[in-house]
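Q: give me coordinates for this.
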Amino acid sequence: SLYHMKKLLAMLLVLSLTLGLGLGIVSASAEDITLKFLISAGFYDLENDLGWKVCQRVSGYKIDYEVINGTEQLMLIITSGQEYDYTYLNSKNYSLMMSEGALMDITDLLNEYGQDILAAFPTTWPAVTTDGRIYAIPSPAAQPDSLTYSMIARKDLLDKIGYTEYPTTVEGFVKMLEDIKAAYPDMVPLTASRLDAGVLSNVASAFNVQGMYQLVDGKVINIVDNPNLKAYVEVIRDLYARKLLDAEMPAITTNDMRSKWAASQAVISYQSWNGCETCIAALRQLSPDMEYVVLPLLQDEGGKVHAQVKYGVTAYGAIPVTSKHAKEAIQAINSMIQIDNFTEIVLGEKDVHYTVNEDGTFSPIQPAFNNDKVASNVFVSGFYREVEYPKMWEVRLAKNADLQSTFYAMRDSLLDGGERSPVALAPAVTVVDNKAALENRITDTLIAVICGTSDISELDTLREYWHKNGGEEIIKFYNTWYAESVAK
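A: Numbers count the residues shown, from 1 in each chain. Modelled structure (predicted):
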């Protein structure tokens, strides 16, 4: 259980600190040291990617890279006291590791050995600073101000029933789903996997419901306090009841949902641009005449769209307290993040793997880029340079035409309605230790209400529960921080 994990972890931390292992002060020559880095990635053959070879050369150390698959593995690694020298973390896992006291304070190491790291992030350090001390490298969004999720529809099937333009109002959208159901009775009109915080961005747009936290009248609120939440949920609940939204939404995985669309069993799928290219390719093999289109975000009564964009710190590079080689890990990252080394790791060799365009952007040279560099970004996961990486990332986008066109279509659909999360740069919430549990409860309740297993009145119960069980403190923490750091 998590409780026993916490106890075990606490004992291990005491032990490691008593033995002086957690301080990164054990020194040895670079030849003797192998650093262990945990990174996030799919299933790539890492050692055959040129980025791997560059890292081994420029970092000054031999680095063993391992891929983490999920929170449980991370907790297990930390609780069993395995000595990893670096780990990539998403926001949830960063909050978890911080609340467990499992991350090393790297402030002094950065000041002494990490000057290039400090300089690579002009604006994001506040997100990893607690009581003036730094606990991670703040890696910003590679695609700032973009839309992550939207609806990808079968343009060919919509054309056949007269939809050559796509509705921009809730009424028009619901009518289109009804028409799809009538025309294609054997297909699901709209499929989606489990909706995070119950948000289906295209529809939520019309109600200005953006996600777990957003700004309303200059104040940070949680979704439970969004004045339009009930009206929004009623629409989605109705779509679900009438089987216009996939009955499997609460339980289906993203991969199964994508497979369903790729097998021509659904007309519209709600998914991320990231990874869409595989199911588009599969569907094209099945139906060579298929065409796809990204549907608009729906407009509010004033004709405006609203959606939260990707922004702020989206990944964290941290050193577990069990590391024996914290100093060396910082030295290695400091070397890899220097602009020439970083460029070579991510993009490869100029005029072999990429060219530099007149406007300062980059273009890949194929097939060399895809052959040698397809997984190279994973070697810097958790420390993407804030200013330069987004331009480099667009080269990675160019490796697939469907991926590229979907990404830009989703971004363009924001019009002037994209908003950054007000808490994107906020430090870890330390005033309560049940933030993740509260947020999971919100998602679970919203899904239950949408599916009709809970009454719509549960939204009021949820709001009360949130405020009484730590939500009040979380919102106060965020608003205090926002007023001091952002609003002024």
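
Q: what is the burial count for A281?
A: 12 (other C-beta atoms under 10 Å). The C-beta positions use only the backbone N, C-alpha and C, and glycine is treated the same way.

Q: what's the answer for P167, then?
A: 17.

Q: so for the spatially closest residue to it that is not a sequence neighbour, what's the pLDDT?
A: Distance criterion C-beta to C-beta, 6 or more residues apart in numbering; nearest residue to P167, sequence neighbours excluded, is F173 at 4.7 Å. We have a pLDDT of 98 for F173.

Q: so F173 makes contact with A204?
A: No - the pair F173 and A204 fails to qualify as a contact (C-beta atoms under 8 Å) at a distance of 11.9 Å.

Q: out of the two, which sits in the busier spot?
A: Set F173 next to A204 and count neighbours by other C-beta under 10 Å: A204 wins out with 28 against 23.

Q: SS state for the more buried one?
A: For A204, the secondary-structure state derived from DSSP: H, G, I helix; E, B strand; the rest coil is helix.

Q: contacting residues around it?
A: 210, 232, 306-307 (C-beta atoms under 8 Å, 6 or more residues apart in numbering).

Q: tell me the one of those residues nearest A142?
A: Closest approach to A142 among the contacts of A204 (C-beta to C-beta): A307, at 18.4 Å.

Q: give me the phi and psi angles of the residue nearest to P167.
A: Torsion angles at F173 (phi, psi; degrees, to the nearest 10) stand at phi -70, psi -40.

Q: repeat that for the one 5 residues further on.
A: Here is the backbone geometry of E178 (degrees, to the nearest 10): phi -60, psi -40.

Q: quick check: buried residues in stretch 285-293?
A: 290, 292-293 (16 or more other C-beta atoms under 10 Å).

Q: and it, end to end?
A: Chord length of stretch 285-293, first to last residue, is 17 Å (C-alpha to C-alpha, to the nearest Å).

Q: which residues sit against it?
A: Identification of contacts with stretch 285-293 by C-beta under 8 Å, 6+ apart yields 152-156, 158-159, 166, 262-264, 280, 283-284, 402, 406, 409.

Q: change it to 10 Å
A: 151-159, 163, 166, 261-264, 268-269, 276, 279-280, 283-284, 402, 405-406, 409 (C-beta atoms under 10 Å, 6 or more residues apart in numbering).

Q: one more: stretch 460-480?
A: 213, 218-226, 229-230, 422-423, 426-427, 429-435, 437-439, 441-442, 444-446, 448-449, 454-455, 458, 487.

Q: 6 Å - rerun?
A: Identification of contacts with stretch 460-480 by C-beta atoms under 6 Å, 6 or more residues apart in numbering yields 220, 222, 224, 423, 426, 429, 431-432, 434-435, 438, 445.

Q: swap in stretch 218-233?
A: Here stretch 218-233 makes contact (C-beta under 6 Å, 6+ apart) with 197, 204, 207, 209, 212-213, 422, 449, 459, 462-463, 466, 471, 478-479, 482.

Q: next: stretch 189-198.
A: 177, 180-181, 211-212, 223, 244-246, 249-250, 252, 254, 257, 260, 266-270, 443, 446, 450.

Q: ok so, going back, any chance of the contacts of stretch 460-480 in TSV, plus distance to G348 and pLDDT?
A: Shown next, in TSV, are the contacts of stretch 460-480 (distance: C-beta to C-beta, whole Å; pLDDT from 0 to 100):
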residue	distance to G348	pLDDT
V220	42	98
N222	44	98
V224	47	98
V423	36	94
A426	36	92
V429	40	90
V431	45	91
V432	45	92
N434	45	90
K435	41	92
L438	44	95
T445	48	98
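
Q: buried ones among those residues?
A: Neighbour-count burial (16+ other C-beta under 10 Å) applied to those gives 220, 222, 224, 423, 426, 429, 432, 435, 438, 445.

Q: which residue is the nearest non-sequential neighbour of the fifth one?
A: Nearest non-adjacent residue to A426, counting by C-beta to C-beta, 6+ apart: W481, 5.3 Å away.

Q: a helix runs through that neighbour, doesn't it?
A: Yes - the assignment for W481 is a helix, going by three-state DSSP.

Q: pLDDT below threshold where in the stretch 101-250 of the chain?
A: For the stretch 101-250 of the chain, not a single residue meets the criterion pLDDT under 70.

Q: now the helices for it?
A: 107-113, 115-119, 155-160, 170-183, 201-204, 229-241 (DSSP state H, counting those that start in this stretch).

Q: what's the neighbour count on D108?
A: If we define neighbours as other C-beta under 10 Å, then D108 has 14 of them.

Q: state the distance from it to L35.
A: Distance of D108 to L35, computed by C-beta to C-beta, to the nearest Å: 19 Å.

Q: cool, G70 as well?
A: Separation of G70 from L35 (C-beta to C-beta) stands at 22 Å.

Q: so those two - more neighbours on which side?
A: Looking at G70 and L35 with other C-beta under 10 Å, you find the greater number of neighbours at L35, namely 23 against 9.

Q: can you list the neighbours in contact with the strand or helix carrying the more buried one?
A: L35 belongs to strand 34-39 when assigned by DSSP states H and E. Residues from elsewhere that reach strand 34-39 (C-beta under 6 Å, 6+ apart): 61-66, 68, 84-88, 325, 329, 332, 378, 381.

Q: that one pairs with which strands?
A: Strand 34-39 has its sheet partners listed here by DSSP bridges as strand 62-67 (parallel), strand 86-89 (parallel).

Q: in that strand, which residues are buried?
A: Counting neighbours by 16+ other C-beta under 10 Å, one finds that the buried residues in strand 34-39 are 35-39.

Q: which of the contacts of strand 34-39 count as buried?
A: In the contacts of strand 34-39, the ones that pass as buried (16+ other C-beta under 10 Å) are 61, 63, 65, 68, 84-88, 325, 329, 332, 378, 381.

Q: so what's the most centrally placed residue in the chain closest to, chain neighbours aside?
A: In the chain, the residue lying closest to the centroid (C-alpha atoms, centre = their mean) is T314, at 5.9 Å. Using C-beta to C-beta, 6+ apart and skipping residues adjacent in sequence, the residue nearest T314 is A141, 4.6 Å away.

Q: ok, back up a step: turn the buried residues of strand 34-39 into TSV, including pLDDT and distance to I337.
A: Formatted as TSV, the buried residues of strand 34-39 follow (pLDDT from 0 to 100; distance: C-beta to C-beta, whole Å):
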residue	pLDDT	distance to I337
L35	97	15
K36	95	19
F37	94	14
L38	90	18
I39	87	15
